[in-house]
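J.: Take this sequence and fold it.
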Amino acid sequence: MSPQLTAATAIYALILAGLATLACVRPPKRRSHLRTGAVMLEALLICAAGLSVWTQLRGHQPAEPAVHLAYLACSVLLLPVLMARPGPVEQSRWDDAVLAAGAVAVAGRGRTRGGHLGGLTARSG
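T.: Presented below is the predicted three-dimensional model:
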């Protein structure tokens, strides 16, 4: 996966987490911008996953394929699972807190043991 796309996604997720945290403390009149931000973040994650699959199909393998696949799946599936609510429920501050926690988790998913953003490294062997 492109380090630039990973960094941009992580920065966007942290900005969204900050906005959601502010919404917990001081509720805005309209909360639809947070939902829109979460949908945009999910679109970025899907694009990043598609790019990662594309690079793997072209022969660029991650150092640990199983771990990379697990991170990829978790990053794409995390926000929909956290944002899903059964039935018609009024939106509350807890929704914003859950979104903030999910965005921080998504932002942290790009970190590797080497301490850099990215995840694909060339295999030397």
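
J.: hang on, residue 85 in a helix?
T.: No - assignment of residue 85 by DSSP: H, G, I helix; E, B strand; the rest coil gives coil, placing it outside any helix.

J.: who's in contact with it?
T.: residue 95 (C-beta atoms under 8 Å, 6 or more residues apart in numbering). For every residue, glycine as well, the C-beta is placed using N, CA and C.

J.: Mind pulling the model confidence for it?
T.: pLDDT, residue 85: 71.

J.: Going by neighbour count, which residues in the lengthiest helix in the chain are buried?
T.: Longest helix in the chain by number of residues, with DSSP state H as the criterion: helix 32-57. In terms of neighbour count (16 or more other C-beta atoms under 10 Å), helix 32-57 has its buried residues at 34, 37-38, 41-42, 44-45, 48-49, 52, 56.

J.: Nearest spatial neighbour of the residue nearest the centre of the chain, chain-adjacent residues omitted?
T.: Taking C-alpha atoms, centre = their mean, the centroid of the chain lies closest to residue 106, which sits 3.3 Å from it. Excluding its sequence neighbours, the residue lying closest to residue 106 (C-beta to C-beta, 6 or more residues apart in numbering) is residue 13, at 4.6 Å.

J.: Having no further points to raise, I will conclude here.
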